[in-house]
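Asks: Just the structure for this:
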Amino acid sequence: MYTVWFLTRSSLEVGMLGLASGVPLLVIALAGTGFIDAVDRAELARIVNALQSVNCAGLAVAAALHSTVGLIVLTGVNAGLSAIGGPARRALTPVVVKPEQLSAAYALSSMSFQISIFFGPLLASLVVANVNAPACFLIDAGTFAAMVLTLSRFSHPVPQGNRGQVGAKAAVAGLRWVWRTPAFRGALLSDLAATMLAMPMAAFPQLNQARFDGRPETLALFTTAVAVGGTLAASLLAALV
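Replies: Okay, here's the model as predicted:
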């Protein structure tokens, strides 16, 4: 977001990052439901994380070359990969955690996600201010490579006779189940509304430019503020379970 704003000074271009992320996330997530239950999820997660590492290296090159189009396109690619790799990784939790520990494990996972949103932009802003933007993407590439090594310890083959539906029928069946289940339907609709109406990320760089001279450190605080409430909520949830 900072790099695209720095290159273009256009909130529209920054907003294109959101569009480039949202469309692949939705489309590929639906397509992924058609086969994710029929493959080794650990192996799938390793492959996706390896591809994300390469993609982040590509983002570093695009940033170094001042290619706005490259940044937007590769952001979309990363979103598509996340739509497959994220569910595959999360599906491993019941494999490594005892049933009675699942609630605490999911709460901890949510809290760690919020903490990463909290500290990630702050660390990135320090790297941008003291080194450059491509260095941020190279560090990100390294973290995905580290995840590949971590996932190498796991294997989750699908048992014979327990593969479920595969293909478009699986995606349609999943959507029908979510729509028929009020708790999931409400959670998805409320999250969609919150994301679209209460997270004006594309306006952050322009506000930062107008009020704080476009400093990357203050832009990081805009993004970090979004995670503060989520971190507090996840901490309370972890304490309750």
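Asks: With only the CA atoms kept, save stretch 21-29 in PDB.
Replies: Output in PDB follows, covering the C-alpha atoms of stretch 21-29 (Å, rounded to 0.1, in the frame of the first residue of the first chain):
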ATOM      1  CA  SER A  21      -6.800  -9.100  -3.600                       C
ATOM      2  CA  GLY A  22     -10.600  -9.500  -3.200                       C
ATOM      3  CA  VAL A  23     -11.500 -11.100  -6.600                       C
ATOM      4  CA  PRO A  24      -8.900 -13.900  -6.500                       C
ATOM      5  CA  LEU A  25      -9.600 -14.500  -2.800                       C
ATOM      6  CA  LEU A  26     -13.300 -15.100  -3.500                       C
ATOM      7  CA  VAL A  27     -13.000 -17.000  -6.800                       C
ATOM      8  CA  ILE A  28     -10.100 -19.200  -5.900                       C
ATOM      9  CA  ALA A  29     -11.400 -19.900  -2.400                       C
END
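Asks: so where's this protein shaky on pLDDT?
Replies: Counting by pLDDT under 70, the chain has low-confidence residues at 29-38, 156-168, 170-171, 195-199, 230, 234, 238, 241.
Asks: and with 50 instead?
Replies: Counting by pLDDT under 50, the ranges of the chain that qualify are 162.
Asks: who's in contact with Tyr2?
Replies: Contact analysis of Tyr2 by C-beta atoms under 8 Å, 6 or more residues apart in numbering lists 124-125, 128, 133, 205, 216, 219. Where you see a C-beta, it was placed from the backbone N, CA and C, and this is true even at glycine.
Asks: swap in Ala124?
Replies: The contact partners of Ala124, taken as C-beta under 8 Å, 6+ apart, are 2, 136, 216, 220.
Asks: Tell me which helix or strand comes right after the lengthiest helix in the chain.
Replies: Ranked by residue count and defined by DSSP state H, the top helix of the chain is helix 102-130. Counting by DSSP states H and E, the element after helix 102-130 in chain order, helix or strand, is helix 133-151.
Asks: Helix 102-130 and that next one, what's the angle between them?
Replies: Interaxial angle of helix 133-151 relative to helix 102-130 (axes from the mean of the first three to the mean of the last three C-alpha atoms, to 10 degrees): 150 degrees.
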